[in-house]
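Participant: what shape does this take:
(2 chains)
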Amino acid sequence: MLSNLLVTKQKVVLVIDELNRERIAPKFIGSLLHEQGQGAETIKALPTGVSLKHVATFEALITELSNHNNNNSTQAGEAGDLEGGGSPGSKSSGFNVILPTLADLLCYQSPAFIFGFLNRLRRSEYVRRVFLWASPQHLQHPHAAYILAGCEYLAELVLRLETDKLLSLISRKPGGGVTNRRFSCQVSKTQFQVTPLDGGLPAGVSPKQPSPEVEQNPQPASSTFKIELDEDEVVARNALTLPYERTSEPSEGNIIYTPDADDDFDEEDPDEDLCI
Amino acid sequence: MATSVLLACGLNEQKLPGFVHISEESNVDGSFLISCILGQRLRISNAGTLLVCLQHHYQHYFNAGMRLGYNTNIFQGKTLGVIDVLSDMAGEGLASKWLRQSEGQTLTDQLVEDIRAQVESNYASRNSYTVLIDNLSILFNLGASKLQVQQFCQDLAALAKERDNLTVITKLSNSDIYQLTDNNVAKLGQVRIQVLRLKSGVFREVDGKLLIERVLDEGNYACEETRKEVLYKVNDRNVKVFTPGEIGVKV
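Facilitator: Residues are numbered from 1 along each chain as shown, chains lettered A, B, ... in the order given. Got it, this is the predicted structure:
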C-alpha cells in the first residue's frame, strides 16, 4: 500500500501530481493517514478557498496546534500525577497537517509566505507530518518551476505520481541518506497498491538505464545474500531511528558532577587545585 | 432548437451541478452554448437567471434568443437579471464603475459584489438560480491578472457551495495562452465542457467538437468520471449534434 511508504517518520511530504487529481487531494492524503491508523483527531487541515486570503487563517492553525497540544499535555500531566507516571509518547505524537494545494496557496499568498509557513510547520514540535500537494498543470505563477523546486528542497519525502501506473519516491533521511525508488501502481477508487520496480536504487541512478555492472554481474540464483527489501522491510527501516539521528529537538548538554565527600569546592576560585 | 446539444452536455435537467465550466479552444466559438443554456433556464418556471455579459452585450443574447425561439425581454427584470458590463462602459465611458477602481477594489471584486447582491435579492424567491458568465477571458482585456480571475472564480465557487440549487456557469476562451487558468477554473466544478476545433481542418457540415467531462464520484484515490465526445454544427436557428463517425464526406 502507498500509505506504508508515505506515512513514515519523515516530516514534510510533498506529492507532485502529474495526473490532474488535485480535486481529491485532501481526501487522498486523509485516506493514506487513515490506512496507517491515524485518527481524525490527529489530522488538521487548512480551509480552502477564499479564507486563504487572510494571514489570520494560517496563524489560527498554528495557535490551534499549540493550544490543543498544551491542553493534551496538561491533561496527560494530571493523569500522570494520579497514576504515578506520564505518557512519554503524548508530546512527541503531534498532528498531521494537510495543507491546501500549492496552486490554491499561490492564488492568495506570496511564495515567500508559503515557504515561511511551511518552515514554521516543519520546525513545530506539535506537528508530526505536513502534507503538501502540487500539480504542475495548475501552477500558474511565473516562477512556478522555481517554487516547486523550493518545496522539493524543503520536503523529506517527495512522491511523484508520474502516470496511472508509475510513481517515484525520493526519501531523505535525517542522517543525510537519500533514496530514489520507482514503483508500479494499481489504483482503484478505494485502494492504492504499489510494487517496487527496481528494489531501491540509490539516488541519481535512473532505473531506465541500469548500470553496466548490474547487467554484467547478475545476482546468482544461489546467492545467500538478500539485497532487495520488500515493502514491510522498507517500512521497518524507515521507522527505525539510528542512534546518531537526532530527530527530536536537540537537548542542551549538561555536565552532571557529584562532589566527593572530601571535596572542598571554592566558588570564588574554582581553579584553586591547579596551583597556577 | 437546442435540446440535443444540452442533452449531450447533460445540462437539460432542472437541477444543474453547482459549477460548470466551458473551455473554449483558440479559433472556435462556444457562445452558442451560453445562448442554449440561457433559453433552457428561462423556460423553467420560477427559475432565476443572472446573465453577466462580458463578451457580448445584452442585445446580442436577445437576438440569439429570438433565433433559438425565446424572447429574453419577456423575462428581463422578472426571472432574468443582467449585468451588462460592455453596455455600461459604452454608455458611461470612463465614468463607468467598471473602469474606475474605487476604494482599491479591482474589477473582479466589483463584479463579485454585484453578483452577490443580485443573488441575495433574488435567490430566496426562486426555486433555483443560475449565474451565467460569458466570457472570463475578457477580464484579462479589462486589466485583470490571472490570479484575480482565479480568485474571482474561487469566490463564485464558494457562492455556489453556500447555497443549494445555485449553479455558476463560466466560459473561458483559453486562446492557447490561458490553459493553466482554464485548468484551475475547471477543477472547481464537476462538469467541464471543452469546445474544440476539428483536428483535420475545416469541414462544411461540422463546426467543431464538444468534449464533455463529468465527475460522477470522487473516490479516495481516483475519480469516477465520464468523457463524451460529440460533433456540433451551429445553424441559423438551431444547433445540431452528431456522434463522431456519423457523418463524413459523401462521394
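Participant: nearest to chain B: which residue in chain A?
Facilitator: Going by Cβ to the nearest Cβ, chain B is nearest to A:Lys189 of chain A, at 2.8 Å. In this view, the C-beta of every residue, glycine as well, is placed from N, C-alpha and C.
Participant: where's that residue relative to A:Arg128, distance?
Facilitator: Distance of A:Lys189 to A:Arg128, given as Cβ to Cβ, to the nearest Å: 27 Å.
Participant: tell me which of those two has more neighbours.
Facilitator: Counted by other Cβ atoms under 10 Å in any protein chain shown, A:Lys189 and A:Arg128 do not tie: A:Arg128 has more neighbours, with 17 against 14.
Participant: near chain B, which residues of the stretch 151-276 of chain A show up?
Facilitator: Counting by Cβ under 8 Å from any Cβ of the partner chain, the stretch 151-276 of chain A comes close to chain B at A:Val187, A:Ser188, A:Lys189, A:Thr190, A:Gln191, A:Phe192.
Participant: so which of those residues are in strands?
Facilitator: Among these, DSSP state E puts A:Val187, A:Phe192 in strands.
Participant: using JSON lines, lay out the residues of the stretch 151-276 of chain A next to chain B together with pLDDT.
Facilitator: Output for these, formatted as JSON lines (pLDDT from 0 to 100):
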{"residue": "A:Val187", "pLDDT": "88"}
{"residue": "A:Ser188", "pLDDT": "86"}
{"residue": "A:Lys189", "pLDDT": "83"}
{"residue": "A:Thr190", "pLDDT": "84"}
{"residue": "A:Gln191", "pLDDT": "86"}
{"residue": "A:Phe192", "pLDDT": "88"}
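Participant: what stretches of the chain score poorly on pLDDT?
Facilitator: Picked chain A for this. Along chain A, the parts satisfying pLDDT under 70 run over A:69-92, A:198-223, A:246-252, A:265, A:276.
Participant: looking at chain B here, not the other one
Facilitator: Across chain B, the ranges flagged by pLDDT under 70 are B:1, B:248-251.
Participant: tell me how far the residue of it found nearest chain A lies from B:Ile37.
Facilitator: Residue nearest to chain A within chain B: B:Gly219 (2.8 Å; Cβ to the nearest Cβ). The spacing between B:Gly219 and B:Ile37, counted by Cβ to Cβ, is 29 Å.
Participant: the two: who's more crowded?
Facilitator: Set B:Gly219 next to B:Ile37 and count neighbours by other Cβ under 10 Å: B:Ile37 wins out with 26 against 16.
Participant: if I pick that one, what's in contact with it?
Facilitator: Going by Cβ atoms under 8 Å, 6 or more residues apart in numbering or on different chains, B:Ile37 touches B:Leu6, B:Leu11, B:Thr130, B:Leu132, B:Ile169.
Participant: so which of those sit within helices?
Facilitator: Residues of those located in helices (DSSP state H): B:Leu6.
Participant: which residues touch B:Asn122?
Facilitator: Going by Cβ under 8 Å, 6+ apart, B:Asn122 touches B:Gly48, B:Leu50, B:Gly81, B:Tyr129.
Participant: could you report the neighbour count for the second one?
Facilitator: What it means is B:Leu50. Neighbour count for B:Leu50, taken as other Cβ under 10 Å: 22.
Participant: now the closest residue to A:Ser93 other than its chain neighbours, what's its secondary structure?
Facilitator: Nearest residue to A:Ser93, sequence neighbours excluded (Cβ to Cβ, 6 or more residues apart in numbering or on different chains): A:Arg128, at 6.3 Å. Applying DSSP: H, G, I helix; E, B strand; the rest coil to A:Arg128 yields a three-state assignment of strand.
Participant: ok so A:Thr258 is a strand residue?
Facilitator: No: A:Thr258 is assigned coil when assessed by three-state DSSP, not a strand.
Participant: backbone phi and psi for it, please?
Facilitator: Main-chain dihedrals, A:Thr258, degrees, to the nearest 10: phi -110, psi 110.
Participant: what about it, neighbour count?
Facilitator: As a burial measure, A:Thr258 scores 5 neighbours (other Cβ under 10 Å).
Participant: also the one 4 residues further on?
Facilitator: Using other Cβ under 10 Å, A:Asp262 is surrounded by 5 other residues.
Participant: now do B:Ala160
Facilitator: For B:Ala160, using other Cβ under 10 Å, the count is 23.
Participant: B:Leu38 against B:Asp134, yeah?
Facilitator: No: the pair B:Leu38 and B:Asp134 does not pass the contact test of Cβ atoms under 8 Å, sitting 9.1 Å apart.
Participant: okay, and the common contacts of the two?
Facilitator: With Cβ under 8 Å, 6+ apart, B:Leu38 and B:Asp134 have common neighbours B:Leu51.
Participant: how far away is B:Gly48 from B:Lys78?
Facilitator: 9 Å.
Participant: the residue of chain A closest to chain B is in contact with B:Ala222, isn't it?
Facilitator: Yes: counting by Cβ under 8 Å, A:Lys189 does reach B:Ala222; the two are 5.4 Å apart.
Participant: strands along chain A, start to end?
Facilitator: Remark: strands assigned in chain A by DSSP E are A:12-17, A:43-45, A:95-98, A:127-134, A:157-163, A:166-172, A:178-187, A:192-196, A:201-202.
Participant: check the stretch 151-251 of chain B too.
Facilitator: B:166-173, B:191-196, B:208-218, B:223-234, B:239-242 (DSSP state E, counting those that start in this stretch).
Participant: which stretch among these is buried most, on average?
Facilitator: strand B:166-173 (a mean of 25; mean count of other Cβ atoms under 10 Å in any protein chain shown).
Participant: that strand pairs with which strands, and in what direction?
Facilitator: Strand B:166-173 has these partner strands in its sheet, going by DSSP bridges: strand B:19-24 (parallel), strand B:128-134 (parallel).
Participant: correct me if wrong: B:Val52 contacts B:Leu132.
Facilitator: Yes: shown here, B:Val52 and B:Leu132 form a contact pair, counting by Cβ under 8 Å, at 6.7 Å.
Participant: quick one: which of these two has more around it?
Facilitator: Counted by other Cβ under 10 Å, B:Val52 and B:Leu132 do not tie: B:Leu132 has more neighbours, with 25 against 22.
Participant: A:Pro259: neighbouring residues, count only.
Facilitator: Residues within reach of A:Pro259, counting by other Cβ under 10 Å, total 8.
Participant: show the backbone phi and psi for it.
Facilitator: Given degrees, to the nearest 10, the pair of backbone angles that A:Pro259 has is phi -70, psi 150.
Participant: which bits of the stretch 101-250 of chain B sit near chain A?
Facilitator: Residues of the stretch 101-250 of chain B found near chain A (Cβ under 8 Å from any Cβ) are B:146-147, B:150-151, B:154-155, B:157-158, B:180-181, B:183-184, B:187, B:215, B:217-224.
Participant: show me how to select, in ChimeraX, the buried members of those residues.
Facilitator: Here is the ChimeraX selection string for the buried members of those, based on 16 or more other Cβ atoms under 10 Å in any protein chain shown:
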select /B:146,147,150,151,154,155,157,158,180,181,183,184,187,215,218,219,220,221,222,223
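Participant: what about the residues of the stretch 101-250 of chain B next to chain A, which are in helices?
Facilitator: Applying DSSP H to these, the entries found in helices are B:Lys146, B:Leu147, B:Gln150, B:Gln151, B:Gln154, B:Asp155, B:Ala157, B:Ala158, B:Leu180, B:Thr181, B:Asn183, B:Asn184.
Participant: could I get the contacting residues of the first one?
Facilitator: When contacts are counted by Cβ under 8 Å, 6+ apart, B:Lys146 touches A:Gln140, B:Phe140, B:Tyr178, B:Leu180, B:Thr181.
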